[in-house]
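In: Return atomic coordinates for the entry below.
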Amino acid sequence: MKTISQGHGNQKCITLWFTEDMAARMDRLAEKGDIPRSRLLKNLIEIGIDYLERADKVGLVSTAVLLRDFGAWCRSVLRCSEEPRNGYKVES
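Out: The predicted structure follows:
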């Protein structure tokens, strides 16, 4: 990772890649908040890291990962299923 020292203090430059759709969603939110996209992302990442560090202290990180993976599995099952088993139609 590259460390930037001119004009940015002692910060590291980290490059992230997103889909066009995700970038457009970020741009809409940043514009709504009247902040640059980079500030929006920095805010979201800082909040996420703070949350994960607090959750880790009480043992919830592994539970959160399990729930995330379970949610992804459920979405994949619903996408693959032509007719949901409970009789309800799922709309996205």
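In: Could you use CA atoms for every contact and neighbour count after this?
Out: Noted.
In: Leaving out chain neighbours, which residue sits closest to L52?
Out: With sequence-adjacent residues excluded and distances taken as C-alpha to C-alpha, 6 or more residues apart in numbering, L52 is closest to V61, at 6.4 Å.
In: how many neighbours does the one you found have?
Out: Neighbour count for V61, taken as other C-alpha atoms under 10 Å: 16.
In: What strand or helix carries L29?
Out: helix 20-32 (DSSP states H and E).
In: Now do the next helix-or-strand element following that helix: everything it contacts.
Out: The first helix or strand that comes after helix 20-32 along the chain, using DSSP H and E, is helix 37-57. Contact partners of helix 37-57, identified using C-alpha atoms under 8 Å, 6 or more residues apart in numbering, comprise 26-27, 29-31, 61-62.
In: quick one: least confident helix or strand in this protein?
Out: In the chain, no helix or strand scores lower on mean pLDDT, DSSP states H and E than strand 2-4, which sits at a mean of 51.
In: Can you name the next helix or strand after that strand?
Out: For strand 2-4, the following helix or strand on the C-terminal side (DSSP H and E) is strand 11-13.
In: Under the pLDDT cut-off, which ranges of the chain? List them.
Out: Regions of the chain meeting the criterion pLDDT under 70 cover residues 1-7, 80-92.
In: that older thread, could I get the contacts of helix 37-57 as JSON lines with distance to N43?
Out: Shown next, in JSON lines, are these (distance: C-alpha to C-alpha, whole Å):
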{"residue": "M26", "distance to N43": "12"}
{"residue": "D27", "distance to N43": "14"}
{"residue": "L29", "distance to N43": "12"}
{"residue": "A30", "distance to N43": "11"}
{"residue": "E31", "distance to N43": "14"}
{"residue": "V61", "distance to N43": "20"}
{"residue": "S62", "distance to N43": "23"}
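In: Since that was my last question, I'll sign off now.
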